[in-house]
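Student: give me the fold of what follows.
(chains A and B)
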Amino acid sequence: MLWPTTSTRTIGLEGWATEQIQYGFIDVQGTPVVPPRYAWFSYCRDDAGRTALVLAGSGTAPADILDLSGEVIGHVPGRFADCVGDTHAVFVTHSSEIGPLEFGSGLFDLRSGETMIEAKPGRTVTTIDRRTVNVHRAKGEYFLDLVTGEKTPHPGFLAGYPDASASPADLALIPASTVPIDTYAEPEEAPLNGYLDRSGGWALEPAFRRADPFQAGYAVVGDDTSVHFIDTAFQRVGGDWARVYATQWGYQVEPDALHQSDPGLLGLDLRVILEPGVAETTGCGWSSPTVCDVHPHAGPPQVLLLPEGRLIDPPEGFDRALSPTQFSDAPPEGPATRIHDAATGITFALDRPSYCETVGAWIRCGPEVAAAPPAVYRADGERTEFRDVTGVEGAVRDTASGYYWATAGSHQGFIDEAGRWLYRESRYTTLED
Amino acid sequence: MTARLIGIAAALALTLTACTPATQPTPSTSSDPAPPSSPSVPTQPDTPEPSSHPFSFETLPRFDGSTANIPLISLVIQRLTGASAAEADNAVQVTTTPNAYRALVAGETDLLLVYEANATVKQEVEDSGVKLESHPIGRDALVFFTNAANPVTSLTTEQLRDIYTGRITNWKQVGGDDIGIVAYQRTEESGSQALMRKYVMGDRTMAKAPSELVTDDMGGIIEGVSDYANSGNALGYSVYYYLANMYAVEGIRMLGIGDVMPSHETIGAGKYPYVNDFFVIIRADEPADSPARQVMEWLLSPDGTRTVADAGYVPAG
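Tutor: As a prediction, this is how the structure comes out:
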């Protein structure tokens, strides 16, 4: 495995201070094997979801292919690339760095080192799943099976970007429209969308202005004023709504387009977690929070545990949930002064009013006072030497490594959950002034 | 996925084409051995007696400045608030020379410990109509450096000028090996570049960097600067304090100018030719009792001068 080191540089960009990240890598022994030189990277994972290769690039030269020792074993022809499993890569080029950008994407075989589909403006290669891509050309689109090489032309135009890590059942039906949708030019009128099956035919003829990808067996379809859910048999389920916002844990739903009201919450299985109009929620966004705050119009605040959708009462005086077991006394939109851990019963005071969040084993707090240092606490309230910690992705998809990228004083590096430095380097390795 | 790719590509393309990024050497290795025990520091810094430290973090003005001034900012915070070194280090966040000036003008920060701005930033400040009050507090210097394996130990101003205008292209022309000079340049906005203009180049047009070093090609620079550590053909410039005390890359050696090597002593004595002050700067309309003005006055007092020296800098003469 290669773990990314993160160096942040502040650069001036047209009068604005902009932070630019450069990634390097250390190996599993904690030895730096790639100096910070990349603007992006992408893990290529095998069938089991385990990282097998790394693509990384500066954004200005062909991307590198790295093995897990950090050695550059090849190059992808594009400046930007993403893995299709651990066998192929979709790469992107753009023909102009100044002015309108014209993108074209292609397909590269990581095993043979050969370009399977050249990139050129107007051509788009999109990953469907780890063995299938969709190829868009002006004259039409087709699915390409990367194992057999079989091309399956279809009558639609991909209407979105499938989540390649979704279940095979969800990826069996692909949203597509009747006309190509340009990424940068909104059509005057939204085209009609339906669903393609993998044999290249319409499983559901285009009839909707909106047709989302399937998620856990359901998809949102409809138009500007009314949407509903369908299942994989295209049966209407889950009621009618004015607006539906999909999240990783479920849906926020609004029943009435004309009258603003607090949205309700549905789980991925469409069960009602919170009826619309009964409470204001905060923190229930797209990402995968484990908790969010619920403020009923009548009654005391509650905390919603996600993704199970269970409402619990927070400890008295600690209305803001940081995790399923950790709470702060922060008022709405205000800083916290104390943290309570319900698992241990420990309550501790922060050094100064701060805005806090949990990061794995740590509680990271940014002070309200601008001149004061950020602080990182352990769950028992002990303040650490760190000013910042960030979780590090595991070797297997959607797992945590148990390691964190941390900064403390003039150093930065990897720590474990006990706060021990596994690798440490100076923060001053670039000529920045 | 393609959407993500295009998003990344677009964002980076805009960033990379719209800026002229700094050239900077990249370390080959820069690790420190991990400390053997728990990294935790005392939960609280020593609580200062109210009378012994004039500021707390709650009353301290917001600092910004040059990267090379980070250790000084940290020590100033320690002495003004009683914070531990670890806590003060964690409190320091700078946006680099040009951005610090902009932040001060915009009211986003209160006090700078900073190097001289370049002409463009000075003009921006003037155009803003915001008056700044500036006092020199320390002395640093523009230094040139190469790989330690390079036999050349000193250059003259004329030689540097010829190198950076493209008239000298090979190290053998200045007494070194027969190998091309890879002359890295800094962004026009950087504090180092302001000194480069002031002492070496003036208004002369700097030679266009080789294709792998073009300043709007961040990737090429990043790839290329590893040469600093791997070969002797690269030449770069920065400020003395940063290179001598902060920069964590091995295998770099500073060059003399006219056979005067940069050092604490030669900079303090003014023997090294490219000496330049750095400054404490506040907005001129800060009230007499404002925290920023109080800190500035403290920095100009004997206590402040001692702090500049204790942080390892040469106090202003």
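Student: mind listing the helices for the stretch 251-400 of chain A?
Tutor: For the stretch 251-400 of chain A, applying DSSP state H, counting those that start in this stretch gives no helices.
Student: so which residues on it come close to chain B?
Tutor: Residues of the stretch 251-400 of chain A lying near chain B by Cβ under 8 Å from any Cβ of the partner chain: A:351-352, A:367, A:369-375, A:378, A:381-387. (Glycine included, C-beta is placed from N, CA and C.)
Student: per-residue pLDDT, A:Ala61?
Tutor: Here, the pLDDT recorded for A:Ala61 equals 85.
Student: and it, helix, strand or coil?
Tutor: Using DSSP: H, G, I helix; E, B strand; the rest coil, the three-state assignment for A:Ala61 comes out as coil.
Student: how many residues are close by it?
Tutor: A:Ala61 has 16 neighbouring residues, counting by other Cβ atoms under 10 Å in any protein chain shown.
Student: that one reaches A:Gly78, doesn't it?
Tutor: No: counting by Cβ atoms under 8 Å, A:Ala61 sits too far from A:Gly78 to count as a contact (10.1 Å).
Student: mind checking which of the residues of the stretch 251-400 of chain A next to chain B are in strands?
Tutor: A:351-352, A:367, A:375, A:378 (DSSP state E).
Student: after the longest strand seen in chain B, which helix or strand is next?
Tutor: Secondary structure of chain B read by DSSP E shows that its longest strand is strand B:132-147. Sequence-wise, the next helix or strand downstream of strand B:132-147 (DSSP states H and E) is strand B:154-155.
Student: name every strand pairing with that following strand and say which way it goes.
Tutor: On the basis of DSSP bridges, the sheet neighbours of strand B:154-155 come out as strand B:256-257 (parallel).
Student: pLDDT on the strand it pairs with, on average?
Tutor: 97.
Student: now do stretch B:128-141
Tutor: Mean predicted confidence for stretch B:128-141 is 96.
Student: that one close to chain A?
Tutor: No: using Cβ under 8 Å from any Cβ, stretch B:128-141 never reaches chain A; the gap is at least 10.3 Å.
Student: got phi/psi on B:Val295?
Tutor: The phi and psi values for B:Val295, taken as degrees, to the nearest 10, are phi -70, psi -40.
Student: so which residues of the stretch 1-150 of chain B form strands?
Tutor: Applying DSSP state E, counting those that start in this stretch to the stretch 1-150 of chain B gives strands spanning B:31-32, B:63-65, B:111-114, B:132-147.
Student: surely A:Pro263 and A:Asp256 touch.
Tutor: No: using Cβ under 8 Å as the test, A:Pro263 is too far from A:Asp256 to be in contact (10.7 Å).
Student: who has more neighbours, these two?
Tutor: Taking neighbours as other Cβ under 10 Å, A:Pro263 and A:Asp256 compare with A:Pro263 leading, 23 against 12.
Student: please name the nearest non-neighbouring residue to that one.
Tutor: Spatial nearest neighbour of A:Pro263, excluding adjacent residues (Cβ to Cβ, 6 or more residues apart in numbering or on different chains): A:Gln252 at 4.3 Å.
Student: and for A:Ala330?
Tutor: A:Ala336 (3.8 Å).
Student: likewise for A:Leu107?
Tutor: What sits nearest to A:Leu107 in space, not counting adjacent residues and going by Cβ to Cβ, 6+ apart, is A:Ile117, at 4.1 Å.
Student: OK, contacts around that neighbour?
Tutor: Remark: with contacts taken as Cβ atoms under 8 Å, 6 or more residues apart in numbering or on different chains, A:Ile117 is in contact with A:106-107, A:123, A:125, A:135.
Student: which parts of chain A belong to which domain?
Tutor: A:123-241, A:244-313 (automatic domain parsing).
Student: what ranges does the stretch 51-200 of chain A have for its strands?
Tutor: Under DSSP E, counting those that start in this stretch, the stretch 51-200 of chain A gives strands at A:51-57, A:63-66, A:72-76, A:80-84, A:88-94, A:103-109, A:114-117, A:124-129, A:132-137, A:140-145, A:151-154, A:157-158, A:174-177, A:193-196.
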